[in-house]
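> fold the following for me, if possible:
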Amino acid sequence: MLVIVDCGIGNLGSIQNMLKRIGVRATVSSDPAVIEAAEKLFLPGVGAFDSGMQALNQSGLIPVLNKKVLKDKTPVLGICLGMQLLSKKSEEGKLPGLGWIQGETVRFKFNPKMGLKIPHMGWNRVSIQQEDPLFSGMPDDSRFYFVHSYHVVCQNPSDVAATTPYGYDFTSSVAKGNIFGVQFHPEKSHSFGMKLLENFVRKA
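Take a look at the predicted model:
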């Protein structure tokens, strides 16, 4: 059973619908028993870091998520804010993150002369940095849809799965064992997003 974790911080329906398009059924749930039975987990999220962690704390799901991910080694995919919550902390707030990835979430910092807008919004390419099942069979010109002002800086370079250029190369995907994260929105990224979600379901 595939479970999309519901704690009120993500566009869950669009992820569920994209999975349906590739012939995959996923359950949206905030029930610890359902999450405990999951074979794979999706952790989506939009909005601010502290709001996301507060929602997770209030849901009471963190203990079961920690058990599933850290002890049982259940594959998990953090999406957008969900990827940022994998880190230890964020410049955006004061609450600690899940800490599944050693790193910090930071705001884009540019020289004003560069003329780059924040948030980073729209289509952009990814550059794969390690062999990763998420990007298996992906063409070199794969592009994904981004909307974000913050990004994860990994403490361990080996956790960086892909980078994307926006003023500088930032980490747009992480991979550490059974833990995966993408800063972009695969559910809004058409065929490339469908392929990535299919790879997570079939190969991660």
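
> need the contact partners of the top helix by length along the chain.
Counting by DSSP state H, the longest helix found in the chain is helix 190-203. With contact meaning CB atoms under 8 Å, 6 or more residues apart in numbering, helix 190-203 is reached by 2, 15, 18-19, 21-22, 24, 40, 75, 77, 133-138, 142-145, 180, 182, 184-187, 189. For glycine as for every other residue, the C-beta is placed from the backbone atoms N, C-alpha and C.

> ok, of those residues, which come out buried?
2, 15, 18-19, 24, 40, 75, 77, 133-136, 138, 142-145, 180, 182, 184-187, 189 (16 or more other CB atoms under 10 Å).

> strands - which of these land there?
Using DSSP state E, 2, 40, 77, 143, 144, 145, 180, 182 are the members of the buried ones among the contacts of helix 190-203 that sit in strands.

> ok, so of those residues, who is nearest residue 99?
Among those, residue 180 lies closest to residue 99 (CB to CB), at 15.8 Å.

> so that closest one bridges to which residues?
Each beta-bridge partner of residue 180 is listed here: residue 77, residue 175, as defined by DSSP bridges.

> that one and residue 74: what is the separation?
From residue 180 across to residue 74, the span is 11 Å (CB to CB, to the nearest Å).

> low-confidence ranges, this protein, go.
For the chain, no stretch has pLDDT under 70.

> touching, residue 41 and residue 64? I think so.
No - judged on CB atoms under 8 Å, residue 41 makes no contact with residue 64 at a distance of 10.1 Å.

> more neighbours: these two, which one.
residue 41 (21 against 18; other CB atoms under 10 Å).

> enumerate every residue touching that one.
Per CB under 8 Å, 6+ apart, neighbours of residue 41: 2, 3, 4, 5, 35, 65, 68, 69, 74, 75, 76, 77.

> could those go into JSON lines alongside distance to residue 52?
As requested, the contacts of residue 41 are exported to JSON lines (distance: CB to CB, whole Å):
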{"residue": "2", "distance to residue 52": "21"}
{"residue": "3", "distance to residue 52": "18"}
{"residue": "4", "distance to residue 52": "15"}
{"residue": "5", "distance to residue 52": "11"}
{"residue": "35", "distance to residue 52": "17"}
{"residue": "65", "distance to residue 52": "13"}
{"residue": "68", "distance to residue 52": "18"}
{"residue": "69", "distance to residue 52": "16"}
{"residue": "74", "distance to residue 52": "20"}
{"residue": "75", "distance to residue 52": "20"}
{"residue": "76", "distance to residue 52": "15"}
{"residue": "77", "distance to residue 52": "15"}
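
> for the chain, list the residue farthest from the centre, please.
residue 113 (30.6 Å; CA atoms, centre = their mean).

> walking through the chain, point out its helices one by one.
Counting by DSSP H, the helices of the chain are 12-21, 32-36, 49-59, 62-66, 81-84, 190-203.
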